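Colleague: Generate a structure from the sequence data that follows.
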Amino acid sequence: MLGVNLRPAVARFWAPVVRGLLRVGVTADAVTATGTVGAVAAAVFLIGNGWLFWGAATVTVFVLLDMLDGALARARGGGSVFGAVLDSTGDRAADAAIFAGLAWWFSGEGDNRLLVLLALICLVLGVLTSYVKARAEGVGLTCDVGIVERTERLILVLVGTGFTGLGIPYALHVALWALLAGSAVTVAQRFAEVHRQSRGRALPPAPSSAPDATSAADPAP
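Modeller: Predicted coordinates for the structure are as follows:
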C-alpha cells in the first residue's frame, strides 16, 4: 500500500523530467522497456556476481523508471492496453531477476544455503501475490489489499542486499525473513478478500464462439 500513498509525491518529483521527455518524443513503453532491461541486467550481472551494493543501487535507479513510465503515460492522455501488459510483465521480470541473482550468488561463492532458500520462497510468494490479484480482477473482483505489495517488496530486498554489500551482518537475513512473513500474510489477505467478495457469485460464463463452417453446414447424406 506504500506505493499508492507515494504516487502524488512521485508525480511531483518526476514532473520536470516528464515535460522534457514529452518534448523529445520519448514514449512510456520505451521507458518501461529500458527500466526492465536495465534492472534485469543489473540483477543478473551485478547481484549475481556478488556486487551486492552496486547491484542494489543500480537496480533501484532502473526501478524508479517504473514510476516514470506511468507519469509519462498519464501526461500523454492515458496509457494503452499494450503498455499496461508490458509494464506488468516487466515488473515480474525485474522482481524475478533480483531474487534469482541472490539465489545464484549465495548458492555458489556466497555460500549461504539459507539465503538461497529464503530468496526462492520470497520469489514464489511474490508471484502468488501478483497472481491472486490478477486472477481476481480477471473474474470481476477487486483485490487491493495486503501489507506487502511490490513497493514494500523491493524496498526490503534492495535495502537488505545493499547493506549486506556494505558489510552489515545479517542485513539480508532480516530483510528476507521480514519479506517472507509479510508476503505470506499478504497472500492470505488477498485470498480472504477474494473469498469475501465471491461469496454467492457464480463464475462468469466463458464467451461463446461462433459456430464453425462444418457445424453450420447441412449434414452430409
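
Colleague: Next, residue 78: secondary structure please.
Modeller: Classification of residue 78 by DSSP: H, G, I helix; E, B strand; the rest coil places it in coil.

Colleague: dump the residue contacts of it.
Modeller: Listed by CB atoms under 8 Å, 6 or more residues apart in numbering, residue 78 has no contact partners. C-beta: built from backbone N, CA, C; applies to glycine.

Colleague: Look up how far residue 191 lies from it.
Modeller: Counting by CB to CB, to the nearest Å, the gap from residue 78 to residue 191 is 32 Å.

Colleague: again, but for residue 185
Modeller: Applying CB to CB to residue 185 and residue 191 gives a distance of 11 Å.

Colleague: Repeat that for residue 115.
Modeller: The value you get for residue 115 to residue 191, if CB to CB is used, is 28 Å.

Colleague: and what of residue 137?
Modeller: 14 Å.

Colleague: okay, and for this protein, where does confidence drop off?
Modeller: The chain contains residues with pLDDT under 70 at 1-11, 13-14, 204-221.

Colleague: Now do the same contact list for the residue nearest to the spatial centre of it.
Modeller: In the chain, the residue lying closest to the centroid (CA atoms, centre = their mean) is residue 91, at 3.7 Å. Residues in contact with residue 91 (CB under 8 Å, 6+ apart) are 36, 66, 130, 150.

Colleague: Please name the nearest non-neighbouring residue to the third one.
Modeller: To tie it back to what came earlier, the one meant is residue 130. Leaving aside its sequence neighbours, residue 130 sits nearest to residue 92 (CB to CB, 6 or more residues apart in numbering; 6.5 Å).

Colleague: roughly how far apart are that neighbour and residue 136?
Modeller: Distance of residue 92 to residue 136, given as CB to CB: 17 Å.

Colleague: Looking at those two, which is more packed in?
Modeller: Neighbours per residue (other CB atoms under 10 Å) separate residue 92 from residue 136, with residue 136 holding more: 19 against 16.

Colleague: So the residue lying closest to that one once chain neighbours are set aside, which state does it fall into?
Modeller: Among residues not flanking residue 136 along the chain, residue 143 sits closest, at 4.1 Å (CB to CB, 6+ apart). The local conformation at residue 143, judged by three-state DSSP, is coil.

Colleague: Tell me how many other residues crowd residue 143.
Modeller: For residue 143, using other CB under 10 Å, the count is 18.

Colleague: list the contacts for it?
Modeller: Residue 143 touches 132-133, 136-137, 190, 193-194, counting by CB under 8 Å, 6+ apart.

Colleague: now these: which count as buried?
Modeller: The neighbour-count test (16 or more other CB atoms under 10 Å) marks 132-133, 136, 190, 193-194 as buried among the contacts of residue 143.

Colleague: Relative to residue 135, how far out is the residue lying closest to residue 95 once chain neighbours are set aside?
Modeller: Nearest in space to residue 95, with sequence neighbours left out and distances taken as CB to CB, 6+ apart, is residue 126 at 5.5 Å. Per CB to CB, residue 126 is found 15 Å from residue 135.

Colleague: Tell me which entries of the contacts of residue 91 lie within strands.
Modeller: Among the contacts of residue 91, DSSP state E puts none in strands.

Colleague: Look at residue 115 and residue 191 and report which has more neighbours.
Modeller: Between residue 115 and residue 191, counted using other CB under 10 Å, the more crowded position is residue 115 (20 against 14).

Colleague: number of nearby residues for the residue lying closest to that one once chain neighbours are set aside?
Modeller: Nearest residue to residue 115, sequence neighbours excluded (CB to CB, 6+ apart): residue 106, at 4.3 Å. Residues contacting residue 106 under the criterion other CB under 10 Å number 21.
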